[in-house]
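K.L.:
task: produce atomic coordinates for the following.
(2 chains)
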Amino acid sequence: MNSTRTLILALVLATAATFAVAALLVNIFQRKEEEKQAFFRVVELTDDIEDPAVWGKNFPFQYDAYTRTVDQVRTRFGGSEAVPRTPTEADPRSVAAQSKLEEDPRLKTIWAGYAFAHDFREERGHAHMLEDQTYTERQIVAKQPGTCLQCHSSVYTAMKKLGDGDLFKGFDKMNSLPYAEARSLVSHPVTCIDCHAPDTMQLRITRPAFIEGLRALKEHEGVKDYDVNTMATRQEMRSFVCGQCHVEYYFKGPEKRLVYPWTKGLRVDDVLAYYEETQFKDWTHAETGAPVLKAQHPEFEMWNQGIHARSGVACADCHMPYKREGAMKLSDHHVRSPLLNINRACQTCHKWPEAELKDRVETIQHRTFELRNRAMDAIVALIRDLAAAKKSGRGDDVLAPAQALQRKAQFMVDFVEAENSMGFHAPQEAARILGEAIDYARQGQLAVRGETGPKR
Amino acid sequence: MSAPGWSVRRTSTLLWAVTLTLGLLIGLGVYTFVYARGGSYLTDKPEACVNCHVMRDQYAGWIKGSHRSVAVCNDCHTPDSMIEKYAAKAMYGFLHAYAFTTGRFPDEIQITPHMHGLTERACLKCHAAIVQAMTVTGANREKLTCLRCHGDVGHE
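P.N.:
Next up, the predicted model:
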């Protein structure tokens, strides 16, 4: 009896051990298979296929990550919250991001008279770019051109079609269309084809405004006839493809041509100098009558002034860091804040605990945020003084110099405020810009009182 | 009474079953050991460490690093004495195999405090004389580590 029990126990144990060894063997086999890095081309990609799902058949890992940009996750100073809303006929969205105007009403004062004072929300992920632009209230209060779609949709194939194969011709045509008409030509937010060549998967630039902007910048730096698609290095391209859209821009002339104002350089002072020379204004401020400018998400420009750019770290290194799928190393196409992915984004170079790295970033951002608040107060104070002076009938000799200073100060604050890193992309540069903006606002208030500041 | 006869037959059947299962276990076990290049882990060859692809970056870094001609993985990552060495190999072998099998580990792998201590002491195997002045003095000697500044000498 006893020996039977022992034997049964031995059988059970031997069976369990065999089971475990077999499972381990299969697992080792799988891991070895992963190493072979199989790539299956199941569809033939051409330069006319814009549907990312088709590209995704060849590149399932990249596509899977790409579709995750629908997520809405907050970080301390960025990201977005999913705010439920009741869908209407005009706007069928049931979820939107939180309103930045409600978070900080000073923005309404600063943008008085401009469409942004009506609706301005925290940016959501890439997947939402097209619907969020289609349904923003800014479309209702102002007539928008087709130019907007350059960066809110996958326009590459649509532009080519519009220009009969000529990208630049299609670009000009699309810019001058009314928004609704141009909108009917596109159907996706940014997709694979906007950054990748279909045959080699190499990174490439598809936005004419960036090609022209960079050529102008290189000319300023002494390089003639720069062609980004043949002359840029691979590492440069890992930032340039992002710089196609994450930049300051304006719509030039009645044909609303998209232009990146880089002929004098990328710093805020260079951009401002360009606008002063061309006498461009986005709108006339409703309370002060100043010819003012709105800066738009100049991430590429700001990053260029920072230590990471100087060390050769590209946008993709932190926002699309390398990850492993099996033994395959690939860029994470779930583009997002590095703070949500610290291990892959930061710890590749910075061998410190995650909490320490997060703390360092937030310290920088918090300092920038404090200074930004001071700067916004300074601008609002200038606007109040200037509006009062205008109301009391002061002449242009007093108003004009103050208005010019408002234009300058406001653009500089916006250059940091609209930039999506709360100073992190270039901490000292952001502080310098805000500090100078506060000084310009102060000089503006002096000008309203008929005084001039010290000559510098 | 047929009970004793039945019992004997049952015992002998069970004995066969156990023997066969054990045979299967041993066969499968040996095959798995060979297939997984189990023997290589008993050596000091750095190639054994890249049997699984996780260590490729470290291996590539070592190949191009300054220590490639004077030290292999085990010189810095295991103690010198035979017993301690194989104890460390067994422990880390198990931990690495566990992590790799379950897939639960960060892409940018991180050193454990214990392994950090091992590598720290390994520096002294060769460099004790030159750092003697640093290791024998200083109020916060505990906090002074070679790797704080020289973290990438072994591999990037």
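K.L.:
what sits closest to the residue in the stretch 351-456 of chain A that chain B sits nearest to if chain neighbours are left out?
P.N.:
Nearest to chain B, among the residues of the stretch 351-456 of chain A, is A:K351, at 6.2 Å (CB to the nearest CB). C-beta here means a position set from N, CA and C on the backbone, and glycine is covered the same way. Spatial nearest neighbour of A:K351, excluding adjacent residues (CB to CB, 6 or more residues apart in numbering or on different chains): B:G151 at 6.2 Å.
K.L.:
what number of residues lie near the one you found?
P.N.:
B:G151: 14 surrounding residues under other CB atoms under 10 Å in any protein chain shown.
K.L.:
ok, it to B:T119 distance?
P.N.:
10 Å (CB to CB, to the nearest Å).
K.L.:
and if you look at A:E81?
P.N.:
Remark: distance between A:E81 and B:T119 (CB to CB) = 44 Å.
K.L.:
try A:R432
P.N.:
42 Å.
K.L.:
buried ones in the longest helix seen in chain B, by neighbour count?
P.N.:
Criterion DSSP state H: the longest helix present in chain B is helix B:3-35. By neighbour count on 16 or more other CB atoms under 10 Å in any protein chain shown, the buried set for helix B:3-35 is B:14, B:17-18, B:21-22, B:24-25, B:28-29, B:32.
K.L.:
sec struct for A:L330, please.
P.N.:
strand (DSSP: H, G, I helix; E, B strand; the rest coil).
K.L.:
near chain A, from the buried residues of helix B:3-35?
P.N.:
B:14, B:17-18, B:21-22, B:24-25, B:28-29, B:32 (CB under 8 Å from any CB of the partner chain).
K.L.:
what's the neighbour count on A:M422?
P.N.:
A:M422, neighbours per other CB under 10 Å, totals 23.
K.L.:
what are the ranges of the strands in chain A?
P.N.:
Along chain A, counting by DSSP state E, strands occupy A:83-84, A:95-96, A:250-252, A:257-259, A:283-284, A:291-292, A:322-325, A:328-331.
K.L.:
what packs against the fourth one?
P.N.:
In other words, strand A:257-259. helix A:167-176, helix A:208-220, strand A:250-252 (3 or more CB pairs under 8 Å, 6 or more residues apart in numbering or on different chains; DSSP states H and E).
K.L.:
relative to A:D269, which of the ones you listed is closest?
P.N.:
helix A:208-220 (13.4 Å; CB to CB).
K.L.:
for chain B, what lies in contact range of chain A?
P.N.:
Residues of chain B lying near chain A (CB under 8 Å from any CB): B:7, B:10-11, B:14-15, B:17-18, B:21-22, B:24-25, B:28-29, B:31-32, B:35-36, B:52-53, B:100-101, B:106-108, B:110, B:151.
K.L.:
tally up the residues packed near the closest residue to B:T32 other than its chain neighbours, please.
P.N.:
Once flanking residues are discounted, B:T32 sits nearest to A:L25: 4.5 Å by CB to CB, 6+ apart. The number of residues packed near A:L25 is 17, by other CB under 10 Å.
K.L.:
so who does A:L25 touch?
P.N.:
B:28, B:31-32, B:35 (CB atoms under 8 Å, 6 or more residues apart in numbering or on different chains).
K.L.:
ok, A:I49 next?
P.N.:
Neighbouring residues of A:I49 by CB under 8 Å, 6+ apart: A:55, A:157, A:193, A:198.
K.L.:
thought the third one was touching A:S154?
P.N.:
Yes: here A:I193 reaches A:S154: they are 6.5 Å apart, a contact under CB atoms under 8 Å.
K.L.:
mutual contacts of these two, please.
P.N.:
Here A:I193 and A:S154 have A:E50 as joint contacts, going by CB under 8 Å, 6+ apart.
K.L.:
pretty sure the residue nearest to A:K351 contacts A:W352?
P.N.:
No: using CB under 8 Å, B:G151 is not in contact with A:W352, being 11.2 Å away.
K.L.:
so for the residue nearest the centre of chain B, what's the nearest residue that isn't a sequence neighbour?
P.N.:
Centroid check for chain B by CA atoms, centre = their mean gives B:G93 as the closest residue, at 3.3 Å. Among residues not flanking B:G93 along the chain, B:Y41 sits closest, at 6.0 Å (CB to CB, 6+ apart).
K.L.:
tell me the contacts of that neighbour?
P.N.:
B:48, B:51, B:89, B:93.
K.L.:
show me where the stretch 351-456 of chain A has helices.
P.N.:
Taking DSSP state H, counting those that start in this stretch, the helices of the stretch 351-456 of chain A run over residues A:354-391, A:396-417, A:427-448.
K.L.:
could I get those in a markdown table, plus columns for mean neighbour count, distance to A:A90 and mean pLDDT?
P.N.:
Listed next are the helices of the stretch 351-456 of chain A as a markdown table, based on neighbours: other CB atoms under 10 Å in any protein chain shown; distance: least, CB to CB, whole Å; pLDDT from 0 to 100:
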| stretch | mean neighbour count | distance to A:A90 | mean pLDDT |
| --- | --- | --- | --- |
| helix A:354-391 | 17 | 31 | 97 |
| helix A:396-417 | 22 | 28 | 96 |
| helix A:427-448 | 21 | 37 | 97 |
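K.L.:
for B:P79, which of those helices is the nearest?
P.N.:
helix A:354-391 (29.7 Å).
K.L.:
tell me what that closest one is packed against?
P.N.:
Taking 3+ CB pairs under 8 Å, 6+ apart as the contact cut, helix A:354-391 packs with helix A:106-110, helix A:342-345, helix A:396-417, helix A:427-448.
K.L.:
and residue 72, what is it in contact with?
P.N.:
Let's take chain A. A:Q72 neighbours (CB under 8 Å, 6+ apart): A:79-82, A:95, A:97, A:124-125.
K.L.:
sorry, I should have been clearer: chain B.
P.N.:
Contacts of B:V72 by CB under 8 Å, 6+ apart are B:44-46.
K.L.:
stretch B:144-156: how far from the chain's middle?
P.N.:
21 Å (CA atoms, centre = their mean, to the nearest Å).
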